[in-house]
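A.B. asks: fold the following, please.
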Amino acid sequence: MPFFVILIMAALVFYSTAIWSERFARGLKLWMVVIFTTGFFCDLSGTLIMRSISTGTKFNTHTIAGFSALIIMLLHLIWAIVAILWRGKAQELFSRYSIYAWGVWMIAFITGVPKG
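C.D. replies: Below is the predicted model:
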(Lines give C-alpha, C1' and ligand atoms only; values in the text may rest on other atoms or scores of the structure.)
Protein backbone atom coordinates (compact mmCIF):
# COMPACT_ATOMS: atom_id res chain seq x y z
CA MET A 1 0.00 0.00 0.00
CA PRO A 2 1.45 3.40 -0.98
CA PHE A 3 2.61 5.60 1.91
CA PHE A 4 0.27 8.45 0.89
CA VAL A 5 -2.70 6.10 1.28
CA ILE A 6 -1.56 5.22 4.80
CA LEU A 7 -1.26 8.94 5.61
CA ILE A 8 -4.75 9.71 4.28
CA MET A 9 -6.23 6.77 6.19
CA ALA A 10 -4.44 7.97 9.34
CA ALA A 11 -5.87 11.45 8.71
CA LEU A 12 -9.35 9.90 8.55
CA VAL A 13 -8.85 8.17 11.90
CA PHE A 14 -7.25 11.14 13.67
CA TYR A 15 -9.57 13.83 12.29
CA SER A 16 -12.72 11.76 12.90
CA THR A 17 -11.58 10.84 16.42
CA ALA A 18 -10.97 14.49 17.29
CA ILE A 19 -14.25 15.77 15.84
CA TRP A 20 -16.50 13.06 17.24
CA SER A 21 -14.76 13.00 20.64
CA GLU A 22 -15.34 16.72 20.95
CA ARG A 23 -18.95 16.30 19.90
CA PHE A 24 -19.69 13.48 22.37
CA ALA A 25 -17.78 15.16 25.22
CA ARG A 26 -19.58 18.44 24.48
CA GLY A 27 -16.34 20.32 24.82
CA LEU A 28 -12.89 20.63 23.37
CA LYS A 29 -9.91 19.24 25.28
CA LEU A 30 -6.21 19.75 24.63
CA TRP A 31 -5.68 16.09 23.64
CA MET A 32 -8.38 16.50 20.97
CA VAL A 33 -6.51 19.46 19.49
CA VAL A 34 -3.31 17.36 19.43
CA ILE A 35 -5.15 14.54 17.62
CA PHE A 36 -6.75 17.09 15.28
CA THR A 37 -3.31 18.57 14.49
CA THR A 38 -1.91 15.12 13.78
CA GLY A 39 -4.81 14.42 11.40
CA PHE A 40 -4.25 17.70 9.58
CA PHE A 41 -0.55 17.02 9.06
CA CYS A 42 -1.23 13.44 7.90
CA ASP A 43 -3.72 14.78 5.36
CA LEU A 44 -1.40 17.57 4.23
CA SER A 45 1.56 15.17 3.87
CA GLY A 46 -0.49 12.59 1.98
CA THR A 47 -1.86 15.27 -0.33
CA LEU A 48 1.61 16.70 -1.02
CA ILE A 49 2.95 13.22 -1.83
CA MET A 50 0.04 12.56 -4.20
CA ARG A 51 0.59 15.94 -5.82
CA SER A 52 4.30 15.23 -6.31
CA ILE A 53 3.69 11.92 -8.10
CA SER A 54 0.70 13.04 -10.18
CA THR A 55 1.16 13.83 -13.85
CA GLY A 56 -1.00 16.92 -13.67
CA THR A 57 -3.84 18.53 -11.80
CA LYS A 58 -7.28 17.40 -12.89
CA PHE A 59 -10.05 19.71 -11.78
CA ASN A 60 -12.81 17.40 -10.67
CA THR A 61 -15.01 16.97 -7.60
CA HIS A 62 -12.23 15.33 -5.61
CA THR A 63 -9.60 17.97 -6.41
CA ILE A 64 -11.89 20.89 -5.62
CA ALA A 65 -13.29 19.22 -2.48
CA GLY A 66 -9.80 18.14 -1.41
CA PHE A 67 -8.18 21.54 -1.62
CA SER A 68 -11.26 23.16 -0.06
CA ALA A 69 -11.15 20.61 2.75
CA LEU A 70 -7.45 21.31 3.41
CA ILE A 71 -8.11 25.03 3.68
CA ILE A 72 -11.14 24.44 5.91
CA MET A 73 -9.13 22.00 8.06
CA LEU A 74 -6.33 24.54 8.49
CA LEU A 75 -8.78 27.28 9.48
CA HIS A 76 -10.57 24.80 11.72
CA LEU A 77 -7.28 23.86 13.39
CA ILE A 78 -6.45 27.52 14.04
CA TRP A 79 -9.95 27.95 15.45
CA ALA A 80 -9.46 24.90 17.70
CA ILE A 81 -6.25 26.37 19.09
CA VAL A 82 -7.98 29.70 19.74
CA ALA A 83 -10.94 27.89 21.31
CA ILE A 84 -8.75 25.85 23.66
CA LEU A 85 -6.85 28.97 24.74
CA TRP A 86 -9.78 31.35 25.17
CA ARG A 87 -12.73 28.99 25.69
CA GLY A 88 -16.12 30.72 25.91
CA LYS A 89 -17.84 31.74 22.68
CA ALA A 90 -14.95 30.55 20.47
CA GLN A 91 -15.36 27.01 21.81
CA GLU A 92 -19.15 27.09 21.53
CA LEU A 93 -18.96 28.13 17.89
CA PHE A 94 -16.22 25.58 17.22
CA SER A 95 -18.52 22.85 18.53
CA ARG A 96 -21.41 24.05 16.41
CA TYR A 97 -19.52 24.12 13.10
CA SER A 98 -16.94 21.37 13.43
CA ILE A 99 -19.29 18.67 12.13
CA TYR A 100 -19.77 20.66 8.91
CA ALA A 101 -16.01 20.98 8.40
CA TRP A 102 -15.71 17.21 8.95
CA GLY A 103 -18.48 16.66 6.38
CA VAL A 104 -16.60 18.63 3.73
CA TRP A 105 -13.48 16.60 4.51
CA MET A 106 -15.47 13.38 4.17
CA ILE A 107 -16.72 14.44 0.72
CA ALA A 108 -13.10 14.91 -0.34
CA PHE A 109 -12.13 11.56 1.18
CA ILE A 110 -15.00 9.63 -0.42
CA THR A 111 -14.56 11.19 -3.87
CA GLY A 112 -10.87 10.23 -3.75
CA VAL A 113 -11.52 6.54 -3.17
CA PRO A 114 -10.64 4.67 -6.37
CA LYS A 115 -13.61 3.23 -8.23
CA GLY A 116 -13.60 -0.35 -9.32
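A.B. asks: lowest-pLDDT helix or strand in this protein?
C.D. replies: None of the helices or strands of the chain scores lower by mean pLDDT, DSSP states H and E than helix 88-112, at a mean of 85.
A.B. asks: can you name every helix or strand that that helix contacts?
C.D. replies: Counting by 3 or more Cβ pairs under 8 Å, 6 or more residues apart in numbering; DSSP states H and E, the packing neighbours recorded for helix 88-112 are helix 3-25, helix 61-86. (Glycine included, C-beta is placed from N, CA and C.)
A.B. asks: mind running it again at 6 Å?
C.D. replies: Judged by 3 or more Cβ pairs under 6 Å, 6 or more residues apart in numbering; DSSP states H and E, helix 88-112 is in contact with helix 61-86.
A.B. asks: what is the mean pLDDT for the helix it packs on?
C.D. replies: Per-residue pLDDT over helix 61-86 has a mean of 88.
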